[in-house]
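K.L.:
requesting a structural model of the entry that follows:
(2 chains)
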Amino acid sequence: MRRSEEREHRVATEQVPKPDHAAPGRHPIFTDEHEAMRLEIRRFVETELAPHADEWEETTFPDSVFRRLGELGFLGLSYPEEYGGQGGDYAYNLVFAEELARSHSGGLVMGVAVHTDMANPPIRMLGTHEQKLRYLVPAMRGEKIACLGITEPDAGSDVAGIKTTAVRDGDAFVVNGSKVFITNGHRADYIVLVTKTDPDAGYGGFSLFIVDMDSPGIVRERRLEKAGMHASDTALLSFTDVRVPAENLLGEEGKGFYHIMWELQGERLIGAVGAVASADLLIERTLRYAQERQAFGRPIGKFQGIRWKFAEMATRVEAARQLNYETARRVMAGEYPVREISMAKLYASRIACEVADECLQIHGGNGYMREYGIERAWRDLRLNRIGAGTDETLLEYIGRSYGI
Amino acid sequence: MSTTDSRSPGASGDANPASTGLVGQGRGPAGWDHLFGEEHHALRRSIRDWVTRELRPHVQAWEDAEWVPSSVFRRLGETGFAATPYPVELGGQGGDHLTDAIWTEEIARSGSGGLAAALSAPTTIATPPILKFGTPEQQERWVPPVLRGERVAALAITEPGTGSDVAGILTRAERVEGGFRVNGEKCFITGGVRAQHYVTAVRTTQDGGHDGISFLVVERGPEPEGAEDDPALLGADRGDGISASPIEKLGWHASDTALVSFQDVFVPEDHLLGELHGGFKLIMANFGWERLSMALGAVAGMDLAFEQTCAYVAQRRAFGRRIADFQGTRWALAEIGMEIEAARSLTYETLRRHVAGEQVIREVSMAKLQTQRTAVDVIDRCLQLHGGAGYTKEQGLERAWRDARLGPIGGGTDEIMKDVIGRLMGC
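P.N.:
Residues are numbered from 1 along each chain as shown, chains lettered A, B, ... in the order given. The predicted structure is shown next:
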């Protein structure tokens, strides 16, 4: 068997270009321009972010990261030029998410993604010209930081259970309630907030607001401690009689539920892409480790059992990647593939967790140690199966999507 | 995009089925417009229609008989569906791997892995080596009659003692006056009883290894009168030193899978295919497409089982409601649908790159590994959702379940795939 394998391998390696996103083998959603931007982002991430990953686990990453990303134009890759963005297509968001994963700091990735792919897209999509000037323009420069307020102590994936109220009072709304697990909650300058404006209207009773975080009545309560994502700041926020000018209503009154469901699609897809990128990096690192680490007289990567682990991981990650890219392609073609987005997020999150666990295993005792960064990824990635819609919520959406 | 896009997957607890494909069905190839054009859709409709009208009604009978009538091969030849990628001069349609992919997917929807294999093997695995390495004379002789379905060809590599490890081939061809004398046994040969010629891997040097393998086209003597659909008569030695007998299997019942033995079979010099001792190249040349077509077939087979399962759970009742209304069922469907979409995405992107002429051995191996295992798993879940009905012949699922099990073995086992992928990664 060995000679046949080796021959097949030799034939294979002679002919196959190494997997490389910049090679002709890249998915058709990416162009040379995307790849040029990829390299630019990668350079920045590797020189200015990754070296600080360990330190930021202790301190959370500094706000200056946003300003620096803004200076470089990375925060607005796909936002309109009119509002300070770069005017690129959606594939740039994928490139950014993939390269940001190289910071090896799940918390940083999440903090930035909340800004670029969760809180601000609804403003771009639904905001008035004035709202965009006031919020998007400084957001693109990283001078204002955004957070998104959906989850409450009693309502997570079940968005319809939200209790935070916004009651009309003259030319303002008065907001009362609390939001939990709010990424960037402590540093944010504004929050895109999901509220209930009509308690009797069911799904039609929700509205979105952009709320300045320095408004009287907002208390940034505890900094929540977490299993992972230590570089991100996660807040419990309370709102007591916070007056929000009516002009800060985002989108249509009563349409907030539908608006936020739209937002969640983008959040899920970018989460799926980030999960695959993280899994790739873990495999890459672990491969290096397996090629160097010796046991029983040879590099552990030369044991068939370990080789097969890599083959299985890479195969599943590749399936997840292609599901992501195909789904992104459809989004870019103007479709709204809710089912496939849910599938992509569910699939990628699970696989990333499995890969992290397998990579930790291949690292043996070292994998369990902080120094190697694998245990951090293992903890960080676990959130992917909970945030932006739990595995269980997504199974329910997908199951129902068949309309049976 | 506009605010009208702000539809909700949770508004009534439902995603919007209208936006995501046919209700109760996987999305299927619809929507892959960057891959398939209108002419491909038209071809797909024609093949699906033909499979539905002319094959599906007979599938169970052919499974039971463990034989597909030869007339079906000729009928297929008339339609040209299996011959699309071949040059027009040789009787094909000058298509490419995309049209071949459509054939592969649609024949998989016959619901019989054995039928699909029987009808596809001559054009998908047995004849490509002749197209790629044959002389014009060899092509003229052995390609058109196979495309017309008048002659069945088989690829003969595997032996009782060697499968994925082709270096272990023992069937030997000795030099004799005017040609070769072949002795040995080949097994698991699809179409082996019916075949009129075998594209055969033989050892042409004394010492082992890859460099001593050559390919010969071994022809059978004239078919005995009235033997067309009589496996016993067809398989018997016709004075040519060749005999073939069917092998009973877990699945793929409609496929004629044979043990073929060669005893002092004389093969003329001009039946050597490609270079002497250069046979390994021939083996490698078509692996990519064979494996990719297995991936395509597996995805199509999963689609079929899933559609059937969606229909079943929608009408079957238990404990006062449709079983589709249990969360456990919904989640099972979600898992199945997700696995299929992931498998399809990987397979189609690999197909796109293969068609574009890229070398994608790694991705093909991944697609093959991922889809075959997934198909076994998915079809098992579909069978489970059918309960006792799934275990009966009538629903066809037990057949799909048995047929799928060959996937992780044939065309390079899962273990070989993992070794190829792992080594390409540098392990």
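K.L.:
sec struct for the residue in the stretch 101-250 of chain A positioned nearest to chain B, please.
P.N.:
With C-beta to the nearest C-beta as the measure, the residue in the stretch 101-250 of chain A that lies nearest chain B is residue A:203; the distance is 5.4 Å. C-beta coordinates here come from the backbone N, C-alpha and C atoms, glycine included. For residue A:203, the assignment made with DSSP: H, G, I helix; E, B strand; the rest coil gives helix.
K.L.:
so where's the chain shaky on pLDDT?
P.N.:
With no chain named, the answer covers chain A. By pLDDT under 70, the weakly predicted segments of chain A are A:1-24.
K.L.:
oops, wrong one, chain B.
P.N.:
Low-confidence segments of chain B, defined by pLDDT under 70, span residues B:1-30, B:208.
K.L.:
buried residues, whichever helix in it runs longest. List them.
P.N.:
Ranked by residue count under DSSP state H, the longest helix found in chain B is helix B:279-315. Residues of helix B:279-315 classed as buried: B:279-310, B:312-314 (neighbour count, 16 or more other C-beta atoms under 10 Å in any protein chain shown).
K.L.:
re the thing from before, from residue A:397, how far off is the residue of the stretch 101-250 of chain A closest to chain B?
P.N.:
Counting by C-beta to C-beta, to the nearest Å, the gap between residue A:203 and residue A:397 amounts to 15 Å.
K.L.:
other SSEs contacting the helix or strand hosting residue A:176?
P.N.:
Here residue A:176, judged by DSSP states H and E, is contained in strand A:172-183. When contacts are defined as 3 or more C-beta pairs under 8 Å, 6 or more residues apart in numbering or on different chains; DSSP states H and E, strand A:172-183 sits against strand A:146-149, strand A:165-169, strand A:190-196, strand A:206-212, strand A:234-245.
K.L.:
name every strand pairing with the first one and say which way it goes.
P.N.:
The sheet places strand A:146-149 alongside strand A:190-196 (parallel), with pairing taken from DSSP bridges.
K.L.:
which residue packs closest to the spatially most central residue of chain A, ignoring adjacent ones?
P.N.:
Among the residues of chain A, the smallest C-alpha distance to the mean C-alpha position (C-alpha atoms, centre = their mean) belongs to residue A:271, namely 3.8 Å. Closest residue to residue A:271 apart from its sequence neighbours, by C-beta to C-beta, 6 or more residues apart in numbering or on different chains: residue A:388 at 5.2 Å.
K.L.:
after the lengthiest helix in chain A, next one along is what?
P.N.:
Determined from DSSP H, the single longest helix within chain A is helix A:256-292. Following the chain from helix A:256-292 toward its C-terminal end, the next helix or strand by DSSP H and E is strand A:294-295.
K.L.:
residues contacting that following strand, please?
P.N.:
residue A:300 (C-beta atoms under 8 Å, 6 or more residues apart in numbering or on different chains).
K.L.:
given the helix or strand following that strand, what are its sheet partners and their directions?
P.N.:
Sequence-wise, the next helix or strand beyond strand A:294-295 is strand A:298-299, with elements assigned using DSSP H and E. Pairing partners of strand A:298-299, with direction, according to DSSP bridges: strand A:294-295 (antiparallel).
K.L.:
what distance separates the strand it pairs with from the middle of the whole chain?
P.N.:
Relative to the chain's own centre, strand A:294-295 is displaced by 37 Å; criterion: C-alpha atoms, centre = their mean, to the nearest Å.
K.L.:
for residue A:197, what are its contacts?
P.N.:
Neighbouring residues of residue A:197 by C-beta under 8 Å, 6+ apart: A:165-168, A:173, A:205-207, A:253-254, A:256.
K.L.:
same question for residue B:260.
P.N.:
B:154, B:156, B:185-187, B:189, B:192, B:198, B:242-244.
K.L.:
repeat the analysis, applying 6 Å as the threshold.
P.N.:
Applying C-beta atoms under 6 Å, 6 or more residues apart in numbering or on different chains to residue B:260 gives the contacts B:186, B:189, B:192, B:244.
K.L.:
can I get the host helix or strand of the last one as CSV, trimmed to CA atoms?
P.N.:
Which is residue B:244. Using DSSP H and E, the secondary-structure element containing residue B:244 is strand B:242-246. Output of strand B:242-246 as CSV, limited to C-alpha atoms (Å, rounded to 0.1, in the frame of the first residue of the first chain):
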residue,chain,number,x,y,z
ILE,B,242,-12.2,-15.7,-20.4
SER,B,243,-15.0,-16.5,-17.9
ALA,B,244,-17.0,-14.2,-15.7
SER,B,245,-19.3,-14.9,-12.8
PRO,B,246,-21.5,-12.6,-10.9
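K.L.:
now the angle between strand B:242-246 and the helix or strand just after it, please.
P.N.:
On the C-terminal side of strand B:242-246, the nearest following helix or strand under DSSP H and E is strand B:257-268. If you take axes from the mean of the first three to the mean of the last three C-alpha atoms, to 10 degrees, strand B:257-268 sits at 170 degrees to strand B:242-246.
K.L.:
counting neighbours, which bits of strand B:257-268 end up buried?
P.N.:
When neighbours are counted by 16+ other C-beta under 10 Å, the buried residues of strand B:257-268 are found to be B:257-262, B:265, B:267.
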